[in-house]
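> Prediction below, plus the sequence it came from.
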Amino acid sequence: MITRIERRLLPVVLERIPQTPVLLLEGPRGVGKSTLLAEVASTIPAARLFDLDDPAVLTLAKQNLSLLTDEALPVLIDEYHAAEGTLQAIKARLNKGTHSGMFVLAGSASYDSLPAGTQALTGRIQRLPVMPLTQTEIDGTGNTFIARAFDGDIPHTADMASAARMDYVDRILRGGMPLALAQPNETARGRWFAGHVRQSLQRDAGQLRRLNRAAVLPKLFTRVVGQTAGLLNISKVGETLEVSRSTVTSYVELLESIFLIATLPAWGTTVASRSVEAPKVHVLDSGIGGHMLRLTRSKLERGDPSALTEYGHLVESFAVQEAIRQSTWMDDIITAGHWRTRDNVEVDLVLERHDGAVIGIEVKAGDQVPSKQLTGLRQLRDRLGESFIAGIAFHTGSRGYPVEDRIHALPLERLWT
């Protein structure tokens with residue numbers, strides 16, 4: 001039985017619709033975009049909703065897209081990219097007269113990755129990511145940690161964190177995909193993950209691009225997940241699979257286009273000339289990441305060394321995605337990146353508000369944060385001065401405490417409790 005989980009993104013969507021002619025909701029297949037779109041339709045009585053995953057509707061659209069776009073506005077189109085020419089048809093409709101709130105689209109392929117027409121709506125479209133559910137959405141706690149942190153409100157409480165080590169393991173291996181959450185146990189969830197990955201790599205990837213070496217793609221995805229929370233090393237992946245650098249680069253872009261991975265760009269190359277410019281790579285959903293890495297509760301419970309190493313990287317990807325997703329709910333424009341110097345001083349996640357305010361986040365899989373592991377946050381604070389609002393080192397221990405000027409150590413669960 002699937003329990004309905006209220007998305008924090010719904011009010012954001014309803015707020016954005018009157019601000020742009022076309023609003024695009026994009027994210028992984030099975031993440032709940034269709035449910036979100038149906039909820040939007042239910043709040044706007046005049047809205048017409050068309051699902052291009054429905055064969056009958058897709059056939060109608062392919063015969064004459066104007067039958068959809070000329071409907072009474074607003075028009076909501078799910079999996080809009082399934083019918084070639086949808087964007088051009090929308091552009092033609094906008095050319096007859098443009099105003100806000102005309103179209104809401106949802107798609108499981110990145111707008112930038114579509115083979116044609118991706119510039120058709122330049123200046124008339126806003127994009128809003130719909131990603132796997134956050135822990136605060138799953139728990140229904142209404143946590144707005146990131147927004148509060150930008151206001152300088154860092155919650156230090158005397159209460160011990162309720163999450164123990166295996167509680168974190170369970171959350172991270174469960175991930176945030178709605179249908180995975182609905183599975184009754186770890187084995188059933190593993191079957192769902194396997195089917196989801198298979199469909200994404202065989203169907204969704206194939207629809208976007210002709211795959212000259214289709215058999216390589218699953219192996220490449222596994223290798224890239226193995227680099228999660230690390231600098232993306234294209235050469236290493238190519239060498240292990242014996243494929244060219246250009247093929248690896250193309251397929252990594254494809255994996256990002258179908259929302260299996262996310263690259264986190266380098267931040268602040270103007271802050272320090274010695275900053276590393278390579279992106280980090282993160283698996284988009286920690287549950288899928290754990291499945292691909294063959295991590296299980298039992299392996300982690302008994303302390304399997306190789307599993308613990310991979311789990312440590314997955315903890316970072318999990319926390320980084322949680323923080324970034326919370327930032328998408330904010331009214332402010334937030335950009336995300338990582339910071340690393342050529343001396344290997346780093347900050348896992350840097351969030352910058354449009355006014356220049358910065359939050360730095362470090363993630364540690366242990367139950368404490370040694371002082372030497374705060375070097376990156378200290379250097380970032382000293383370089384930025386007053387623009388540095390807070391540095392937060394998340395850990396899986398039980399206590400939160402202020403470390404020094406604007407630097408804090410907090411249990412990871414503060415992101416959702």
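Sure, I can see it.
> Point out where the stretch 251-400 of the chain drops to low pLDDT.
269-274 (pLDDT under 70).
> Repeat the analysis, applying 50 as the threshold.
Residues of the stretch 251-400 of the chain meeting the criterion pLDDT under 50: 271-272.
> all strands for the stretch 251-400 of the chain, in order.
In the stretch 251-400 of the chain, the segments counted as strands under DSSP state E, counting those that start in this stretch are 261-264, 280-283, 334-340, 346-353, 358-363, 388-395.
> again with the stretch 101-250 of the chain
103-107, 125-129, 230-231.
> Can you tell me the strand partners of the second one and which way each runs?
Yep, that's strand 125-129 we're talking about. Within its sheet, strand 125-129 is paired with strand 22-26 (parallel), according to DSSP bridges.
> quick one, longest helix in the protein?
helix 305-327 (DSSP state H).
> tell me what that one is packed against?
The contact analysis (3 or more Cβ pairs under 8 Å, 6 or more residues apart in numbering; DSSP states H and E) places helix 305-327 against helix 145-150, helix 165-174, strand 280-283, helix 286-292, helix 297-301, strand 334-340, strand 346-353, strand 358-363. For every residue, glycine as well, the C-beta is placed using N, CA and C.
> Out of the strands of the stretch 101-250 of the chain, the one nearest E346 is which?
Taking Cβ to Cβ, strand 230-231 is the member of the strands of the stretch 101-250 of the chain nearest to E346, at 9.5 Å.
> for the strands of the stretch 251-400 of the chain, which one ends up most surrounded?
Neighbour counts (mean count of other Cβ atoms under 10 Å) averaged over each of those peak at strand 280-283, with a mean of 27.
> Same question for the strand or helix carrying L49: list its buried residues.
In this assignment (DSSP states H and E), L49 forms part of strand 48-51. Judged by neighbour count (16 or more other Cβ atoms under 10 Å), strand 48-51 contains these buried residues: 49-51.
> one step back: just tell me which of the helices and strands packed on helix 305-327 ends up closest to R16.
Short answer: strand 334-340, nearest of these by Cβ to Cβ, at 15.0 Å.
> could I get the closest one in PDB with only the CA atoms?
This file holds the C-alpha atoms of strand 334-340, laid out as PDB (Å, rounded to 0.1, in the frame of the first residue of the first chain):
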ATOM      1  CA  ILE A 334      20.400  29.400  -4.400                       C
ATOM      2  CA  THR A 335      23.400  28.000  -6.400                       C
ATOM      3  CA  ALA A 336      25.200  24.900  -5.200                       C
ATOM      4  CA  GLY A 337      28.800  23.700  -5.700                       C
ATOM      5  CA  HIS A 338      31.700  22.100  -4.000                       C
ATOM      6  CA  TRP A 339      35.000  23.800  -3.100                       C
ATOM      7  CA  ARG A 340      38.400  22.200  -3.300                       C
END
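> any idea of the angle that strand forms with strand 358-363?
60 degrees (axes from the mean of the first three to the mean of the last three Cα atoms, to 10 degrees).
> Mind giving me the packing neighbours of strand 334-340?
Using 3+ Cβ pairs under 8 Å, 6+ apart, the elements in contact with strand 334-340 are strand 261-264, helix 305-327, strand 346-353.
> Can I get those in a markdown table including distance to A188?
Output for those, formatted as a markdown table (distance: least, Cβ to Cβ, whole Å):
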| stretch | distance to A188 |
| --- | --- |
| strand 261-264 | 24 |
| helix 305-327 | 21 |
| strand 346-353 | 32 |
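> Among these, which comes closest to H156?
helix 305-327 (18.1 Å).
> just for the stretch 51-200 of the chain, where's the confidence low?
In the stretch 51-200 of the chain, no residues with pLDDT under 50.
> How about M292, nearest residue that isn't a chain neighbour?
Of all residues not flanking M292 in the chain, V225 sits nearest, at 4.3 Å (Cβ to Cβ, 6 or more residues apart in numbering).
> any idea how far G356 is from the one you found?
Taking Cβ to Cβ, to the nearest Å as the criterion, V225 is separated from G356 by 34 Å.
> So for those two, which residue has more residues nearby?
V225 (25 against 10; other Cβ atoms under 10 Å).
> got a list of what the nearest residue to G32 once chain neighbours are set aside touches?
Leaving out its chain neighbours, the residue that sits closest to G32 by Cβ to Cβ, 6+ apart is P178, at 4.9 Å. Neighbouring residues of P178 by Cβ atoms under 8 Å, 6 or more residues apart in numbering: 2, 5, 30-32, 35, 133.
> okay, now the domains of the chain?
9-129, 135-177+263-415 (automatic domain parsing).
> With distance to A214 added, can I get those domains in CSV?
Formatted as CSV, these follow (distance: least, Cβ to Cβ, whole Å):
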stretch, distance to A214
domain 9-129, 17
domain 135-177+263-415, 18
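> The ones you listed: which one's closest to R191?
The nearest among the domains of the chain, by Cβ to Cβ, is domain 135-177+263-415 at 9.8 Å.
> Please identify the deepest-packed of the strands of the stretch 101-250 of the chain.
strand 103-107 (a mean of 26).
> If anything else comes up later, I'll come back, but that's it for now.
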